[in-house]
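Chemist: fold the following, please.
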Amino acid sequence: MRLHALDRKLLRDLWRLRGQALAIALVLACGVAVTLISSGMIRALEATRDDYSGQQAFADVFASVGRALRSLLPEIAAIGGARTAEARIAGWVILDLPKRDAPAAGRVVSLPPEGPLLNVPLLVSGRLPDPGSDREVAVSARFAEATGYSRGDGFAAIANGTRLELTIAGTLRSPEYIYALPPGG
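Modeler: Numbering: from 1, shown residues only. Below is the predicted model:
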């Protein structure tokens, strides 16, 4: 097969610029590889997030109120599109930790006595607090790791001006507090 003159010139020019052509091909190959790896990573992270959120029944919508009647919960659950609703008491407390010189802030969240339906914590060690006890707590596993606390250890918390002596019943991970920061933190 005979090549036309322009085709021969193209091949000669490409041969002379083979180093540059190879560099361009490598850059394009790297770009394609990064794109494929990134899209695969995004799909894997989304699948992991969705799986974790599903297992822990992570809530889609959160609402905070200063004060509400528990009797309103069925009405809230009956709102179109809602599958379930759950009420919890949450607030900030000052922690008096014996292993720490300065006071720390802590977030406390109640658990329903019958067990949570939404934002189900993953128990890492120990057990959840006894529903009948107002002195047992389960703490974040990262908090326990950072402070050196474990099951059976105690510390104090000041809530609404009242000092409470608390005992750690277990450590957990919560889907709503994967990365805990104080307000404005």
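Chemist: which residues does the worst-scoring helix or strand of the chain on mean pLDDT contact?
Modeler: Lowest mean confidence among the helices and strands of the chain (mean pLDDT, DSSP states H and E): helix 73-77, at a mean of 86. Helix 73-77 is contacted from outside by 82, 83, 84, 85, 86, 87, using Cβ atoms under 8 Å, 6 or more residues apart in numbering. All C-beta atoms are positioned from the backbone trio N, CA, C, and that covers glycine.
Chemist: repeat that for 10 Å
Modeler: When contacts are defined by Cβ atoms under 10 Å, 6 or more residues apart in numbering, helix 73-77 is touched by residues 63, 68, 69, 82, 83, 84, 85, 86, 87.
Chemist: so which elements touch the longest helix along the chain?
Modeler: Identified as the longest helix of the chain according to DSSP state H is helix 18-55. If you count contacts as 3 or more Cβ pairs under 10 Å, 6 or more residues apart in numbering; DSSP states H and E, helix 18-55 packs onto helix 5-16.
Chemist: show me how far the longest helix of the chain is from its chain's centre.
Modeler: Helix 18-55 sits 24 Å away from the centroid of its parent chain (Cα atoms, centre = their mean, to the nearest Å).
Chemist: burial of residue 31, as a residue count?
Modeler: 10 (other Cβ atoms under 10 Å).
Chemist: quick one: it and residue 23, what's the gap?
Modeler: 13 Å (Cβ to Cβ, to the nearest Å).
Chemist: and the helix or strand harbouring residue 165, what does it pack onto?
Modeler: Remark: residue 165 resides in strand 162-173, with elements defined by DSSP states H and E. Applying 3+ Cβ pairs under 10 Å, 6+ apart, one finds that strand 162-173 contacts strand 90-96, strand 104-109, strand 122-126, strand 136-140, helix 141-147, strand 154-159.
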